[in-house]
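Asks: compute the structure for the input listed below.
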Amino acid sequence: MTRSCVPARTANLLGALALATADRVDRAAQDAGGRSGTETAALVVLTTVLAGGSQEALRRVLALTQTGTTRLVTRLVDAGLVDRRDGPDGRTRALVPTARGREIATGALAARAAVLAGVLGRLDDAEQEQAAVLLEKLLAGLVDAPDAPGRICRLCEPDVCGHPDRCPVTQASARPT
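Replies: Next up, the predicted model:
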């Protein structure tokens with residue numbers, strides 16, 4: 001569907017909702033762990049879908065430059081939130097959150113869940129079910145590259161969405177183009 005087919009008001013409402021929700025999630029996650037949004041996202045990703053992942057994998061998910069990722073990982077290591085360990089191939093280093101890093105990630109995910117529950121709590125049960133169907137369709141439509149699931153779901157709780165079997169993003173990325 002092209003822009004001309006979408007009512008401008010609907011698009012504007014979606015943009016406002018997305019921005020306001022993202023701002024609230026970011027603020028709540030930062031408040032929960034006392035870390036920047038990028039640091040928090042890194043800890044969540046390294047605790048969930050990229051457990052033991054490399055710095056390069058983290059860079060792709062967070063869409064950072066190589067130097068930006070190096071600085072980020074150094075900050076997390078220096079703060080005692082991430083350990084560098086031997087990677088699976090002997091050439092890379094695996095990034096593993098420490099107990100404190102996992103604690104911050106867990107707190108950030110709980111804060112995120114509370115914000116989202118508050119946003120969706122304005123809908124009754126039937127409206128929430130309808131919203132879920134629409135959100136699944138919209139999310140699947142955002143998958144535009146092989147690394148899209150990592151970027152889109154960088155603050156998701158994989159168990160909650162049913163990853164990989166029921167996650168609309170994972171499912172859309174697995175479909176042949």
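
Asks: ok, now how distant is the residue nearest the centre of the chain from Leu123?
Replies: By Cα atoms, centre = their mean, the chain has its centre lying nearest to Arg154, at 2.0 Å. Arg154 sits 25 Å away from Leu123, taking Cβ to Cβ, to the nearest Å as the criterion. For glycine as for every other residue, the C-beta is placed from the backbone atoms N, C-alpha and C.

Asks: just say helix, strand or coil for the residue nearest to the centre of the chain.
Replies: For Arg154, the assignment made with DSSP: H, G, I helix; E, B strand; the rest coil gives coil.

Asks: also the one 10 residues further on?
Replies: Under three-state DSSP, the three-state class of Pro164 is coil.

Asks: pull the number of nearby residues for it.
Replies: 14 (other Cβ atoms under 10 Å).

Asks: name the element the residue nearest to it when sequence neighbours are not counted belongs to?
Replies: Distances taken as Cβ to Cβ, 6 or more residues apart in numbering put Thr170 closest to Pro164, at 4.5 Å, once the chain neighbours are dropped. If you go by DSSP states H and E, Thr170 is part of helix 168-174.

Asks: and that helix, what does it pack against?
Replies: Under the contact criterion of 3 or more Cβ pairs under 8 Å, 6 or more residues apart in numbering; DSSP states H and E, helix 168-174 touches helix 125-141, helix 148-152.

Asks: can you add distance to Ala8, mean neighbour count and mean pLDDT and give those back as TSV?
Replies: Shown next, in TSV, are the helices and strands packed on helix 168-174 (distance: least, Cβ to Cβ, whole Å; neighbours: other Cβ atoms under 10 Å; pLDDT from 0 to 100):
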stretch	distance to Ala8	mean neighbour count	mean pLDDT
helix 125-141	17	12	95
helix 148-152	25	20	85
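
Asks: could those go into CSV alongside distance to Asp159?
Replies: As requested, those are exported to CSV (distance: least, Cβ to Cβ, whole Å):
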stretch, distance to Asp159
helix 125-141, 16
helix 148-152, 15
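
Asks: out of the ones you listed, which gets nearest to Thr74?
Replies: helix 148-152 (21.4 Å; Cβ to Cβ).

Asks: would you mark the buried spots in the particular helix or strand that has Val45 in it?
Replies: For Val45, the enclosing helix or strand under DSSP H and E is helix 37-47. Of all the residues in helix 37-47, those buried under the rule 16 or more other Cβ atoms under 10 Å are 38-47.

Asks: understood, closing this out.
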